[in-house]
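Asker: build the 3D model from these lines:
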Amino acid sequence: MVAPPQIAGDTTLSAWVAQIDGASNNGDWVWAKMGGSDTDDDDRTNDICPDGFGNVYAIGFFEDLADFDGTILDATGRKKDIFVWKMSMTPGSFTINNTYETIYAADSMVFNPSDTGLFSYPIFEIDGCDTLFINSIVHQRLGFRVVYTLNDLSTTSSITVDGQVISAFPFSADYYIDSPVNISSTIDPLYGFTSWSSNSVTIFPSNVSPNASFNVTSSDTVRLNIYKKPTIIYDIFPTGTTTTIDINGVNTSIFPTSAIYYNNENITLTPNIDPLYSFVSWDYDSITMLNGNTEVNSFVSAYNDTVKLVISLIPPLAAFISGDEVVCDNSLAQADVKVSFISGLLPYTFIYAINGVSSVNYHYK
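Answerer: Down below sits the predicted model:
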């Protein structure tokens, strides 16, 4: 309880502390104390507070020579001075609301093994005359940092970590020791998945599984390894024919054309050649045709390449006698006429005529 300003001209003792019975409705006085000087008119108690241990403290100011329970304080020559007044009271006569609380705080992550364990952090909060004593218990657990990245940062590929999509790299996250982490990848359409790599953690079920997981056992870098898919350009030489190519069973008639494949895909090529043309070869740089130079062939994708079907126009099937020889019908010697073929496949079936008279069919093997 704080006294109001001193009445003008009143030089009686004016610094005082009292307790009023709060349990009754009539405001009975439990006890009161007064102190100060009887030669001035400005001694005051400004605030009081119990400490919870049977003591009451009062602060204020006084003038001249002030008496506090027989202790004389001297302010002569200074006009005013301050006082701190400690008083004992009857135990329990003051109501105090000091409280005590233990809080089990959330686990705290530390990165040094020597900093781990259970730790107590006591604090207190003062609310007027009441004090809240708080004891916080914190479990400081060991943590590790994992950095996520790609082997090719120029792509639009992303990594999903425990449901969070990460598209800006490198990206780091902190985990408590032995925390399980699930990882998956979304690969740029122009790229293919190769593997996961790490310095120390073990990738499950294997590092070549696009959907994987690991337990955080140390700080590490987890890298998604991808590759640029090979592009194959298909073409036909010469152009301008009705020739088409079945590429893995899909007929393609517009050339040049291109296709993007994953590594190690098997591609089968079946040409449909213009009837006026014949197959010559497949032309390429880096791939390997699995069936040599046969017309129907296949290869395994691994590199960028241009695969070209080379065909040749079939010449007219007409023969003539070449050179400077003359065949006479009255000659005694038999004539030996040789016929050569420069295209087509064995066996050959042909008809020849002598003086415009056709002969029977002959077969050349």
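Asker: going forward, measure contacts between C-alpha atoms and count neighbours the same way
Answerer: Fine.
Asker: and the nearest residue to Asn248 once chain neighbours are set aside, what is it in contact with?
Answerer: Excluding its sequence neighbours, the residue lying closest to Asn248 (Cα to Cα, 6 or more residues apart in numbering) is Thr268, at 5.0 Å. Thr268 makes contact with 246-249, 296-299, according to Cα atoms under 8 Å, 6 or more residues apart in numbering.
Asker: helix or strand: which one has Thr268?
Answerer: Element membership for Thr268, per DSSP states H and E: strand 266-272.
Asker: give the buried residues for that strand.
Answerer: 268-272 (16 or more other Cα atoms under 10 Å).
Asker: Ser198 - nearest residue in space that isn't next to it in sequence?
Answerer: Using Cα to Cα, 6+ apart, the nearest residue to Ser198 is Val222, at 4.7 Å.
Asker: roughly how far out does the helix or strand harbouring that neighbour sit from the chain middle?
Answerer: Assigned by DSSP H and E, Val222 belongs to strand 220-228. The chain centroid and the centroid of strand 220-228 are separated by 12 Å under Cα atoms, centre = their mean, to the nearest Å.
Asker: direction included, what does that strand pair against?
Answerer: Strand 220-228 pairs in its sheet with strand 130-150 (parallel), strand 191-197 (antiparallel), by DSSP bridges.
Asker: which stretches of the stretch 201-350 of the chain have low pLDDT?
Answerer: 316-337, 339-350 (pLDDT under 70).
Asker: before we move on, back to that, now, among the contacts of Thr268, which is nearest to Ser198?
Answerer: Phe299 (33.7 Å; Cα to Cα).
Asker: picking that back up, just the contacts of Thr268: which are in strands?
Answerer: 246-247, 297-299 (DSSP state E).
Asker: what sits against the residue sitting nearest the centre point of the chain?
Answerer: Nearest to the mean C-alpha position of the chain, by Cα atoms, centre = their mean, lies Ile166 at 3.1 Å. By Cα under 8 Å, 6+ apart, the residues touching Ile166 are 158-160.
Asker: which one is it nearest to, not counting chain neighbours?
Answerer: Ile159 (5.2 Å).
Asker: what do you get for Pro271?
Answerer: Ile245 (4.3 Å).
Asker: just Ile48 next, same as before
Answerer: Ala58 (4.3 Å).
Asker: same thing with Met289?
Answerer: Phe299 is the one closest to Met289 (Cα to Cα, 6+ apart), at 4.9 Å.
Asker: ok, back up a step: ok now the very next helix or strand once past the strand holding Thr268, how far from the chain's centre?
Answerer: Using DSSP H and E, the helix or strand that follows strand 266-272 in sequence is strand 277-283. Centre-to-centre, strand 277-283 and its host chain are 51 Å apart (Cα atoms, centre = their mean).
Asker: for Phe111, what are its contacts?
Answerer: Counting by Cα under 8 Å, 6+ apart, Phe111 has contacts 142-144.
Asker: now that we have these, which one has the most neighbours?
Answerer: The most crowded member of the contacts of Phe111, judged by other Cα atoms under 10 Å, is Gly143 (23 neighbours).
Asker: returning to what we had before: got a quick PyMOL command for the buried subset of the ones in strands among the contacts of Thr268?
Answerer: Buried residues within the ones in strands among the contacts of Thr268, by 16+ other Cα under 10 Å, are selected in PyMOL with:
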select buried, resi 247+297+298+299
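Asker: distance to Asn199 added to the ones in strands among the contacts of Thr268, as JSON lines?
Answerer: Output for the ones in strands among the contacts of Thr268, formatted as JSON lines (distance: Cα to Cα, whole Å):
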{"residue": "Asp246", "distance to Asn199": "46"}
{"residue": "Ile247", "distance to Asn199": "42"}
{"residue": "Asn297", "distance to Asn199": "43"}
{"residue": "Ser298", "distance to Asn199": "40"}
{"residue": "Phe299", "distance to Asn199": "36"}
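Asker: just the closest of the ones in strands among the contacts of Thr268 to Thr288, please.
Answerer: Of the ones in strands among the contacts of Thr268, the one sitting nearest to Thr288 (Cα to Cα) turns out to be Phe299, at 6.0 Å.
Asker: per-domain residue ranges of the chain.
Answerer: For the chain, automatic domain parsing gives the domain ranges 15-88, 97-228, 231-313.
Asker: roughly how far is the last one from the heart of the chain?
Answerer: Right, the one you point to is domain 231-313. Its chain's C-alpha centre and that of domain 231-313 lie 41 Å apart, by Cα atoms, centre = their mean.
Asker: distance between the ends of it?
Answerer: With Cα to Cα, to the nearest Å as the measure, domain 231-313 spans 30 Å from end to end.
Asker: if I look at Gly292, how far off is Ala302?
Answerer: 18 Å.
Asker: looking at the two, which one has more neighbours?
Answerer: Ala302 (19 against 12).
Asker: so who does the closest residue to that one other than its chain neighbours touch?
Answerer: Leaving out its chain neighbours, the residue that sits closest to Ala302 by Cα to Cα, 6+ apart is Asn263, at 5.1 Å. In this structure, Asn263 makes contact with 192, 229-230, 300-302, judged by Cα under 8 Å, 6+ apart.
Asker: so what does Ser114 look like in phi/psi?
Answerer: phi -70, psi -10 (degrees, to the nearest 10).
Asker: meant to ask about Ile187
Answerer: Residue torsions, per degrees, to the nearest 10, at Ile187 are phi -100, psi 140.
Asker: surely it touches Leu153?
Answerer: No - using Cα atoms under 8 Å as the test, Ile187 is too far from Leu153 to be in contact (11.9 Å).
Asker: neighbour count for these two, which is higher?
Answerer: Ile187 (18 against 13).
Asker: let me know the pLDDT of the residue nearest to the more buried one when sequence neighbours are not counted.
Answerer: Leaving aside its chain neighbours, Ile187 sits nearest to Ser157 (4.5 Å; criterion: Cα to Cα, 6+ apart). Per-residue pLDDT puts Ser157 at 97.
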